[in-house]
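Participant: Using only what follows, build the 3D model:
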Amino acid sequence: MEQTKEVENGDYNESKRIITKQYMMILVFSLLISMLGGSLLGWWHHKYHSTNRQLWMVPFGLIFFLTPLIIWFSLFISHLFISKSDEELEDASNISHLIQIHPMDESICHPKR
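Facilitator: Numbering: from 1, shown residues only. Prediction:
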């Protein structure tokens, strides 16, 4: 029985490592996109700002620069507010047993009335 627990924990740790690697790859990819947007804004400022040409680069660069930052910030904030305690999960599963569905025969909206 102890071997089963070790194997289960090993599988769990391995899957957790895979998920962590995936998150790190997504983080690196989004940082690269953000750096691309910042570089585009910097290039526009250096090359075209004095003449106000190539203005399409500004919103394009801002989208690339800010979107990954906004997404990661929102994910971070939402992660702070999600509670994963076992008690709350058990309470949520117990609530489903309290909900009762009544037949429509006794309701005001019954079609035959």
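Participant: The protein: strands as residue ranges?
Facilitator: Taking DSSP state E as the test, none of the chain falls into strands.
Participant: Output the longest helix belonging to this protein.
Facilitator: Scanning the chain for the longest helix, with DSSP state H as the assignment, gives helix 2-47.
Participant: what is the rounded mean pLDDT of that helix?
Facilitator: Mean per-residue pLDDT for helix 2-47: 79.
Participant: cool, and stretch 79-96?
Facilitator: Rounded mean pLDDT across stretch 79-96 is 60.
Participant: I figured residue 44 hits residue 60, correct?
Facilitator: No - the criterion here is CB atoms under 8 Å, and residue 44 misses it with residue 60 at 9.1 Å. The C-beta positions use only the backbone N, C-alpha and C, and glycine is treated the same way.
Participant: Please name every helix or strand in contact with the longest helix of the chain.
Facilitator: Packing partners of helix 2-47 (3 or more CB pairs under 8 Å, 6 or more residues apart in numbering; DSSP states H and E): helix 57-81.
Participant: which helices and strands sit right next to the helix it packs on?
Facilitator: On a contact count with 3+ CB pairs under 8 Å, 6+ apart, helix 57-81 meets helix 2-47.
Participant: Done for today, thanks.
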